[in-house]
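1. The following block contains a protein sequence and its predicted model.
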Amino acid sequence: MEINDLTPAELRVWRAFPRGERVDFRAGDDEDAAGGATWGPERTIRASALKALLLHAPQEDGEIAALKVSGARITGPLDLTHAVLESHPVRLSHCHFAERPELYGIQLRRLSLHGSVLPGLGLGSARIDGTLRLSGCRIDGPVQLAGTHISGALFLEDAELTAPDGSGPVLKLNQSVVDDDLWAPRLRARGEIRLNGASVTGSVNLTEALLERDGEAAVDAQTLTVGGDFLLRRARVRGWIGLRGARIAGRLDLSYAHVSNPSGTALHASSSTVGELWLRKGPPMEGTLNVRRAQIDVLFLEPETLPRRVLLSSLAYTSLAPHEPAERRLPMLERDGEGYVPHAYEQLTAAYRRIGDDHEARLVQLAKQRRHRSTLPWYGRLWGHVQDATVGYGFRPLRAFGWLLSLLAVGSVAYALEHPPPLKPDEAPDFNPVFYTLDLLLPVISFGQETAFAPAGPHQALAYVLVLTGWILATAVLAGVTRTVSRQ
């Protein structure tokens, strides 16, 4: 393109480019680029002119060339597919693009479209040796960044991304690499954010973001790798968050967040590896929480934030915070849609033992035995109720002592009021109601009273009850002690 073919607006940009000077067409700093379709020729630039400028404009010695334009209306297709622009940055802020820029496979130092309005952006398989800034952009169409390598940060704070039909991917970052942060607080996305296989060296910040895709994936980040934190603090998510197989070295933080997908899974983080998972201070998650086979160092979980259905099979965590009594943690294990999951009880028991709270650990083990009892046939459930009532499955051994004292008192009083007749009056020892009752209750120890006296009538029936109860108590105590010793 010859310089004589340029409009006055394009000529201003052409002359400012070699010296890296900024050309600002805006009437004021608060001007909204959404009205750019009505801007006149005095601030209209053809995309073909920008392409010619970037590819062929002369350089000036001692100056750093850069394209810096604000408040322009850019018409026509800006097609820089596979272009190599490594010598100068590009900044097209607060501009209105009539057509989607096609920048597939481009190589450049830095790209900023801050505050611009676009019908989409094609930037797949690109290489940006610096930052990519889409802060405050309003993009009504998919943003294609799949396979792109950004050596700096990706900025999307206050951006608004909308899929044309509201259901497809609105931001594609699958298989992309960001060597710094993905910085997107207050992002508004109506459509899917796809991060499958992406790698972010720094953190992913979606604090106060609004992500909407009812009944579908709002964030699909399977096998995502994050070197820092993944922050969704105070975010509102309508749809599900997919983090299956993700690797997050720092904190996955959903504090104060509202995640809603009532008809299915709200957070799918199975087989993931997370440094810390924070679910706190927010309303209960609407939908299923799936953390099966996940490995988490610190699980910061407030019971009030849990949904009605939690999948915990093979979940492994090192510590559980904040410290809560077992009665507030156990409902989480009972909400597992897979039924009785022994491993979940063992994990919770181990978490209490690591902090030295053996009492709460015993309560979890007792709850485990009671939950297991519901899976047994009727005779197993019956024997389980006996063990529970007598010694609390071995976790409440003093209960057996209480039963023993109660029966000893009943028998002693009954036989003290009416002594059973001796079998051999000349050889029988003096009758002692307490030791006679102990003889009946204790199946192993003998004080010589039981064999010397023979009760009749109701007292004989009482003797049978005491003998039978003694054997049941002894068997239940032995089973409980065996379970406790083998566990330790």
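-> That came in fine, so what should we check first? Residues are numbered from 1 along each chain as shown.
2. How far does stretch 306-319 sit from its chain's centre?
-> 10 Å (Cα atoms, centre = their mean, to the nearest Å).
3. So what touches that stretch?
-> For stretch 306-319, the external contacting residues (Cβ atoms under 8 Å, 6 or more residues apart in numbering) are 266, 270, 279, 284-299, 331-333, 335-338, 341, 343-344, 347, 351, 354-355. For every residue, glycine as well, the C-beta is placed using N, CA and C.
4. taking the residues you listed one by one, which sit in strands?
-> Counting by DSSP state E, the members of the contacts of stretch 306-319 that fall within strands are 266, 279, 286-290, 295-299.
5. Which among these count as buried?
-> Neighbour counting with 16 or more other Cβ atoms under 10 Å marks 266, 279, 286-290, 295-296, 298-299 as buried within these.
6. For these, work out which two are farthest apart.
-> 286 and 295 (25.7 Å; Cβ to Cβ).
7. all helices for the stretch 1-150 of the chain, in order.
-> Using DSSP state H, counting those that start in this stretch, the helices of the stretch 1-150 of the chain run over 8-16, 47-56.
8. got TSV for the ones you listed, with mean neighbour count, mean pLDDT and distance to residue 67 too?
-> Shown next, in TSV, are those (neighbours: other Cβ atoms under 10 Å; pLDDT from 0 to 100; distance: least, Cβ to Cβ, whole Å):
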stretch	mean neighbour count	mean pLDDT	distance to residue 67
helix 8-16	18	92	7
helix 47-56	17	91	6
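9. could you dump those to TSV with distance to residue 79?
-> Listed next are these as TSV, based on distance: least, Cβ to Cβ, whole Å:
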stretch	distance to residue 79
helix 8-16	17
helix 47-56	7
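10. Which one of these lies nearest to residue 422?
-> Going by Cβ to Cβ, the one of the helices of the stretch 1-150 of the chain nearest residue 422 is helix 47-56, 117.2 Å.
11. how far does that closest one sit from the chain's center?
-> The answer for helix 47-56 is 47 Å, by Cα atoms, centre = their mean.
12. same deal with stretch 229-247?
-> The chain centroid and the centroid of stretch 229-247 are separated by 7 Å, computed with Cα atoms, centre = their mean.
13. what pLDDT, on average, does the helix or strand residue 460 falls within get?
-> Here residue 460 sits within helix 458-487, counting by DSSP states H and E. Computed over helix 458-487, the mean pLDDT rounds to 70.
14. Same check on stretch 72-79?
-> Averaging pLDDT along stretch 72-79 gives 95.
15. residues in contact with residue 142?
-> Listed by Cβ under 8 Å, 6+ apart, the contact partners of residue 142 are 120-121, 163-164, 168-172, 191.
16. Look up the closest residue to residue 22, ignoring the ones flanking it.
-> In space, and not counting its chain neighbours, residue 22 is closest to residue 68: 4.1 Å by Cβ to Cβ, 6 or more residues apart in numbering.
17. Where does the prediction get shaky in the stretch 351-488 of the chain?
-> Scanning the stretch 351-488 of the chain for pLDDT under 70 picks out 383, 386-387, 389-401, 475-488.
18. want to try JSON lines for the buried ones among the ones in strands among the contacts of stretch 306-319, with pLDDT and distance to residue 438 as columns?
-> Below are these laid out as JSON lines (pLDDT from 0 to 100; distance: Cβ to Cβ, whole Å):
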{"residue": "266", "pLDDT": "94", "distance to residue 438": "60"}
{"residue": "279", "pLDDT": "94", "distance to residue 438": "55"}
{"residue": "286", "pLDDT": "94", "distance to residue 438": "60"}
{"residue": "287", "pLDDT": "92", "distance to residue 438": "60"}
{"residue": "288", "pLDDT": "93", "distance to residue 438": "56"}
{"residue": "289", "pLDDT": "93", "distance to residue 438": "54"}
{"residue": "290", "pLDDT": "94", "distance to residue 438": "56"}
{"residue": "295", "pLDDT": "95", "distance to residue 438": "54"}
{"residue": "296", "pLDDT": "95", "distance to residue 438": "53"}
{"residue": "298", "pLDDT": "94", "distance to residue 438": "53"}
{"residue": "299", "pLDDT": "93", "distance to residue 438": "50"}
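19. List just the nearest of those to residue 254.
-> residue 279 (5.4 Å).
20. give me the beta-bridge partners of the closest one?
-> Judged by DSSP bridges, the bridge partners of residue 279 are residue 301.
21. wait, doesn't it sit right on residue 302?
-> Yes. Using Cβ atoms under 8 Å, residue 279 is in contact with residue 302, at 6.6 Å.
22. Low-confidence ranges, the stretch 201-350 of the chain, go.
-> Within the stretch 201-350 of the chain, the segments meeting pLDDT under 70 span 337-338.
23. switch to 80 and redo it
-> Under the criterion pLDDT under 80, the flagged ranges of the stretch 201-350 of the chain are 335-339.
24. That concludes my questions; thank you for your assistance.
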